[in-house]
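> Okay, here's the prediction I keep looking at, along with the sequence it came from:
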Amino acid sequence: MKRFSPLAMTLTLAAALPEAYAAGNNEETPAGDALPTISVSAARDSKDAYRARAASVAGFDEAALLDTPASVTVVTAATLQDQQARLLTDVIKNDPGISENYAPVGYYENISIRGFPLDLASGYRINGMTISGEQNVALENKESVEFLKGLAGLQGGVATPGGLVNYVTKRPADVRSVMVGADANGSRYLATDIGTLFGAQQQFGLRINAAHEDINSYVDHADGYRDFASVAASWIISPRARLQINAEYQQKVQRSVSAYQLLGGTTVPSNVSPTVMLSPQPWAKPVAINSLNMDVRLDLDLAPDWRAYVAASRSRAVIDDNVAFVYGSGISPYFSANGDFDVYDYRSPNDERRNDQLQTVVLGKFDTGAVRHDLTMGASLFRRTVDQTDAVFDYRGSDNIYNPTPLIFSPSPQQPGLSYRRLDSRQQSLFATDRMHFGERWQVIAGGRQIWLKEQAFDATGAVTRDTDRSLFLPQLALIYQPNKSLSFYTSYTEALSLGGQAPAWAGGLILPPVVSRQVEAGIKYDWKEDVSLTAALFRMNKPYEYPKPNADGSFTYLQQGTQTNTGLELGASGKFGRQWRLSAGLAWTQARVRDTGTPAYDGHQAINVPRLRTALHADYAVPGMDDLHLLGSWLYSGNRAANRDGTATVSAWNIFNAGLRYGTRIGGHATTIRFTVDNLFDKRYWKDVGESLGDSYLHLGAPRLARLTMQYDF
């Protein structure tokens with residue numbers, strides 16, 4: 001496939017911008033006179049670029065965090081830039097309640113929130129519209145990343161208990177900047193951000209982001225590249241109608257890194273290096289992921305207190321999966337006790353996941369007696385399809401994790417089959433929620449979503465192998481008490497429907513039916529002196545437990561039996577502490593236990609990959625007398641985590657320290673920002689992720705020390 005140059009594309013598009021822009025019209029225009037902020041955008045405090053006061057991920061419209069009866073984390077563009085974030089796994093280090101869950105180097109990532117992995121089919125969104133999670137979403141054109149922690153039945157319909165991730169894109173503005181960067185591994189980075197407002201009343205807006213990255217991975221033989229381009233357009237059709245369009249394309253090509261597994265199913269590997277790729281076969285190709293995300297939204301003001309919007313989106317990810325896959329030993333799904341593993345030639349080209357969604361929402365305000373109502377109601381149509389081939393998965397030989405000279409095997413002579421429809425999932429839903437204000441202090445929120453889910457799975461002949469047809473009403477109730485404008489107490493109850501898990505091949509590959517999860521939460525949110533936000537939340541959530549149950553004859557049956565209950569406490573503080581310091585701190589304590597599984601050895605243990613305690617502390621110090629110089633640092637802690645179901649194998653707790661600086665200056669009369677970061681300052685060796693994928697357990701090493709440098713030039 002021919003590689004394109006995002007820089008050339010950006011410059012070509014910029015040259016085609018309207019004459020007002022080409023002439024250098026940089027005049028600032030008040031947002032109220034030109035392109036007002038539309039409700040999908042996260043609010044940004046003009047006094048603190050790191051801090052957001054509102055988000056849309058917890059509902060269908062932007063709402064103040066103090067009025068949101070749920071735990072929401074917003075990571076702003078300023079934070080993304082200062083931390084030099086490139087991947088979602090870079091973003092989540094800002095919240096200790098979020099962790100990686102099967103996130104290999106060179107592949108698409110997944111995360112867990114409050115101990116539950118997100119569903120790749122429904123857990124990720126751009127501007128509130130569902131996207132395919134089987135991609136690495138670019139951050140160059142994102143204004144913020146929002147996380148809803150906890151059940152999202154009302155917001156997402158069919159969704160796993162963990163929550164939702166919503167990427168908010170940048171809107172058109174008069175902006176021109178270029179960023180270049182490099183890291184200690186030899187990676188190179190180039191990004192551009194060009195936008196304008198134009199027209200007689202500046203009713204049109206256009207913004208183009210593009211990036212190219214040459215990826216030199218810290219893992220040997222795992223290099224690659226990434227190309228990205230996006231366009232955001234806005235049109236104020238009339239004082240009562242506004243249109244916005246977003247489209248982004250990314251191609252990422254990189255060798256994928258196989259994970260480790262437990263030795264003999266009971267022992268964590270030791271004395272292994274994060275820079276070593278297991279079995280780097282010369283015939284293995286990089287994994288190519290091509291993704292396209294598009295959305296369009298029309299906002300209409302219907303009356304002084306009523307408005308509506310219609311939104312449509314398409315998300316498409318195509319994966320060419322080519323890897324020398326390291327997995328198990330013999331008939332065991334684990335490495336052998338001495339470190340032996342099997343190598344498979346795995347090829348699955350043109351795996352396509354596509355999400356299409358159409359949603360319409362009406363929002364209005366009215367009074368009934370002394371009660372003021374904020375009503376939201378709407379309908380959604382959602383379809384997800386999966387097209388795949390019958391992949392090659394052919395055993396080629398065995399090696400050992402401690403072999404200093406990896407063995408070379410021949411590739412498989414087999415070829416993948418033709419692509420065919422594997423899954424067709426359709427959701428229709430109606431939803432409504434009413435925020436009732438009883439005076440200035442009390443709010444009651446009542447609502448729910450009625451879902452009709454129909455899902456079919458097929459084999460290569462087109463025969464239906466599974467037919468799911470289910471309807472369900474998912475309620476949500478919340479109570480908010482605000483003794484003053486800076487303090488909120490809330491409690492909430494919600495339910496969600498999530499699709500059943502899929503068994504590993506050695507347990508039959510069965511896909512289980514959908515299950516219902518439930519959550520109760522109580523919390524406090526306090527804005528202290530307008531400078532600091534303090535939060536606390538207690539939650540309890542449960543879902544049916546899914547696992548491969550060992551049978552007496554040595555076989556396994558994948559089933560839903562028992563319950564996993566996650567109970568936790570989350571504390572957070574963020575804001576300015578004095579003139580020089582800005583701090584962000586968080587703590588997440590989670591007890592994740594299973595019971596009544598029918599396998600006594602699995603009952604009563606902390607769930608796999610869920611630490612009981614995680615903390616995060618981030619600091620920004622403005623050096624006195626040098627206001628343009630800021631020293632940055634962070635300390636991340638994770639307690640030990642279970643790596644198997646009976647709790648006999650655990651990975652150790654770890655502390656990670658990061659450091660950096662941000663320096664603002666002017667070059668040629670233009671603002672210039674230099675950012676330098678060192679991640680894993682003391683080069684700690686640790687296991688970052690011991691999550692599961694399709695019922696199998698994997699262990700991923702954390703990245704070693706890495707220094708990165710970027711320079712942003714605004715022209």
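Right, received. Where do you want to start?
> Grab the most central residue of the chain for me.
V165 (4.8 Å; Cα atoms, centre = their mean).
> isn't there a strand covering that one?
Yes - under DSSP: H, G, I helix; E, B strand; the rest coil, V165 sits within a strand.
> Look at it and report its pLDDT.
Note for V165: predicted pLDDT of 96.
> Now it: closest residue in space, sequence neighbours ignored.
Y124 (5.1 Å; Cβ to Cβ, 6 or more residues apart in numbering). Glycine gets a C-beta too; all of them are placed from N, C-alpha and C.
> now do V444
Nearest residue to V444 in three dimensions, chain neighbours excluded: M436, at 4.7 Å (Cβ to Cβ, 6+ apart).
> Which elements pack onto the host helix or strand of the one you found?
Assigned by DSSP states H and E, M436 falls within strand 420-438. The contact analysis (3 or more Cβ pairs under 8 Å, 6 or more residues apart in numbering; DSSP states H and E) places strand 420-438 against strand 371-388, strand 442-458.
> mind checking how far stretch 408-427 is from the chain centre?
26 Å (Cα atoms, centre = their mean, to the nearest Å).
> Oops, could you answer that again for stretch 661-675 instead?
30 Å.
> same deal with stretch 539-554?
That offset, for stretch 539-554, works out to 26 Å (Cα atoms, centre = their mean).
> check contacts around A70.
A58, L148, K149, G150, A478, S492, E521 (Cβ atoms under 8 Å, 6 or more residues apart in numbering).
> Pull the most distant pair out of those residues.
Farthest-apart pair in these is K149 and A478; separation 14.8 Å (Cβ to Cβ).
> so who does A703 touch?
Y218, P274, D679, N680, K688.
> contacting residues around the first one?
Just to be clear, that refers to Y218. Counting by Cβ under 8 Å, 6+ apart, Y218 has contacts N185, P274, T275, A703, P704, L706.
> Can you go through those and name the buried ones?
Applying 16 or more other Cβ atoms under 10 Å to these, the neighbour count classes N185, P274, A703, P704, L706 as buried.
> What is the nearest of those to M377?
Of the buried ones among the contacts of Y218, the one sitting nearest to M377 (Cβ to Cβ) turns out to be A703, at 46.1 Å.
> before we move on, what SS does that closest one have?
coil.
> ok, so what distance separates it from T405?
Between A703 and T405 the computed distance is 25 Å (Cβ to Cβ, to the nearest Å).
> low pLDDT regions in this protein?
Where the chain drops to pLDDT under 70, the residues are 1-47, 505, 507-509.
> Do you have the helices of this structure handy? List them.
For the chain, the helices defined by DSSP state H cover 6-15, 19-22, 77-82, 88-91, 153-156.
> circling back to that earlier point, for the strand holding M436, which strands pair with it and how are they oriented?
strand 371-388 (antiparallel), strand 442-458 (antiparallel) (DSSP bridges).
> May I see the buried residues of that strand?
Buried, per 16+ other Cβ under 10 Å, within strand 420-438: R422, L423, D424, S425, Q427, Q428, S429, F431, A432, T433, R435, H437.
> Which member of these is positioned nearest L472?
Distances from L472 to the buried residues of strand 420-438, taken by Cβ to Cβ, are shortest for S429, at 9.9 Å.
> That closest one and E62: what is the separation?
Taken as Cβ to Cβ, the span from S429 to E62 is 21 Å.
> circling back to that earlier point, out of the contacts of A70, which are inside strands?
L148, K149, A478, S492, E521 (DSSP state E).
> between the residues you listed, which is nearest G625?
Nearest to G625 among the ones in strands among the contacts of A70, with distances taken as Cβ to Cβ, is K149, at 40.2 Å.
> number of nearby residues for that closest one?
K149 has 25 neighbouring residues, counting by other Cβ atoms under 10 Å.
> who touches it in this structure?
A70, S71, V72, T73, D95, G97, I98, I113, R114, G162, G163, E570.
> Could you pull out the strands in the stretch 201-350 of the chain for me?
Residue ranges of the strands in the stretch 201-350 of the chain, as given by DSSP state E, counting those that start in this stretch, are 204-215, 224-238, 241-254, 287-303, 306-326, 340-368.
> Mean neighbour count, the ones you listed: which tops it?
Of all the strands of the stretch 201-350 of the chain, strand 204-215 has the most neighbours on average by mean count of other Cβ atoms under 10 Å, namely a mean of 22.
> That one pairs with which strands?
By DSSP bridges, strand 204-215 pairs with strand 188-198 (antiparallel), strand 224-238 (antiparallel).
> out of those, nearest to A585?
Nearest of the strands paired with strand 204-215 (Cβ to Cβ): strand 188-198, 29.7 Å.
> Now do the contacts for the residue nearest to I401 when sequence neighbours are not counted.
With Cβ to Cβ, 6+ apart as the criterion, I401 has its nearest non-adjacent residue at 4.1 Å, and that residue is G339. Applying Cβ under 8 Å, 6+ apart to G339 gives the contacts L263, P269, N400, I401, Y402.
> try 6 Å this time
Contacts of G339 were listed using Cβ atoms under 6 Å, 6 or more residues apart in numbering, and they are N400, I401, Y402.
> Beta-bridge partners for Q712, please?
For Q712, the beta-bridge partners under DSSP bridges are M179, T673.
> Could you report the neighbour count for the residue lying closest to V74 once chain neighbours are set aside?
Spatial nearest neighbour of V74, chain neighbours left out: A52 (3.7 Å); criterion: Cβ to Cβ, 6+ apart. Per other Cβ under 10 Å, the neighbour tally for A52 reads 24.
> now A52: how far from G417?
48 Å.
> Next: Q712.
48 Å.
> So between these two, which is more surrounded?
Taking other Cβ under 10 Å, Q712 and G417 do not tie; Q712 has more neighbours (19 against 13).
> show me what contacts the more buried one?
Q712 touches S177, M179, T673, counting by Cβ under 6 Å, 6+ apart.
> for D48, same thing?
For D48, counting by Cβ under 6 Å, 6+ apart, there are no contacting residues.
> And for M277?
V219, D220, H221, A222, V257.
> Any idea what S230 is bridged to?
N209, E248.
> I'd assumed N141 was in contact with it.
Yes - with contacts counted by Cβ atoms under 6 Å, S230 reaches N141, the gap being 4.2 Å.
> Identify the contacts common to those two.
In contact with both S230 and N141: N209, using Cβ under 6 Å, 6+ apart.
> who wins for proximity to P413 among the strands paired with strand 420-438?
So among those, strand 371-388 is nearest, using Cβ to Cβ, at 21.1 Å.
> so how far is the closest one off the chain centroid?
20 Å.
> Can you give me the buried ones in that strand?
372, 374-378, 380, 382, 384-388.
> swap in stretch 193-203?
Quick answer for stretch 193-203 (16+ other Cβ under 10 Å): D193, I194, G195, T196, L197, F198, Q202, Q203.
> Alpha carbons of it, in PDB - could you do that?
Listed in PDB are the C-alpha atoms of stretch 193-203, where the atom choice follows Å, rounded to 0.1, in the frame of the first residue of the first chain:
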ATOM      1  CA  ASP A 193      -2.800  21.700  13.100                       C
ATOM      2  CA  ILE A 194      -4.300  24.300  10.700                       C
ATOM      3  CA  GLY A 195      -7.800  25.900  10.900                       C
ATOM      4  CA  THR A 196      -9.800  28.900  10.000                       C
ATOM      5  CA  LEU A 197     -13.100  30.600  10.300                       C
ATOM      6  CA  PHE A 198     -14.400  32.300   7.100                       C
ATOM      7  CA  GLY A 199     -17.500  33.700   5.400                       C
ATOM      8  CA  ALA A 200     -19.200  37.000   5.600                       C
ATOM      9  CA  GLN A 201     -20.200  36.300   9.200                       C
ATOM     10  CA  GLN A 202     -17.500  33.700   9.800                       C
ATOM     11  CA  GLN A 203     -20.300  31.100   9.600                       C
END
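> give the contact list for D394.
D394 neighbours (Cβ under 6 Å, 6+ apart): D345, S412, Q414.
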